[in-house]
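Asks: Got a predicted model here, sequence first, then my questions.
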Amino acid sequence: MTEGFQSRMHIQVNGEPRQVCEEINVTDLLRDLQLNVERVAVEVNLEILDRRDFDAKTLQEGDRIEILSFIGGGAPVRVVLSGEAFPLLCKEG
C-alpha cells in the first residue's frame, strides 16, 4: 500500500450510498458527518447500538447505517429504524 493512501469501502447511511475509509468506527463516521455523538441514536444492519459501543464498532463493506438525530422544536420528525418508519412529533419549547 502506498504511504498516505487509505482503502475505501461502500456503506449506506440513511439509505444513501457513501464511501468511507476502511476501519472507520461509528464515532469517526459521526464526526465526519459533523453530528454530535451525544445527540444521536445509531443502528447498524438492523442492530441498535449502545452509545458506549460507538468507538468499538468498526464498520464493514456494505453495512447499512441509520442515524437518528434528536432535535427540539415543534417540527415533525420521521424516524427510520429496522427499515420501518415511525412519525414523531416533538414538543414545542
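Replies: Cool, the structure landed.

Asks: May I see the buried residues of stretch 16-29?
Replies: For stretch 16-29, a neighbour-count test (16 or more other CB atoms under 10 Å) marks Val20, Ile24, Val26, Thr27, Asp28, Leu29 as buried. Where you see a C-beta, it was placed from the backbone N, CA and C, and this is true even at glycine.

Asks: now the end-to-end length of that stretch.
Replies: 14 Å (CA to CA, to the nearest Å).

Asks: Can you name the residues in contact with that stretch?
Replies: With contact meaning CB atoms under 8 Å, 6 or more residues apart in numbering, stretch 16-29 is reached by 6-13, 32, 37, 42, 44, 49, 53-59, 65.

Asks: Please flag which of those residues sit within helices.
Replies: Taking DSSP state H as the definition of helices, the contacts of stretch 16-29 contribute Asp32.

Asks: Mark which of the contacts of stretch 16-29 are buried, thanks.
Replies: Among the contacts of stretch 16-29, the ones that count as buried (16+ other CB under 10 Å) are Met9, Ile11, Val13, Val42, Val44, Phe54, Lys57, Leu59, Ile65.
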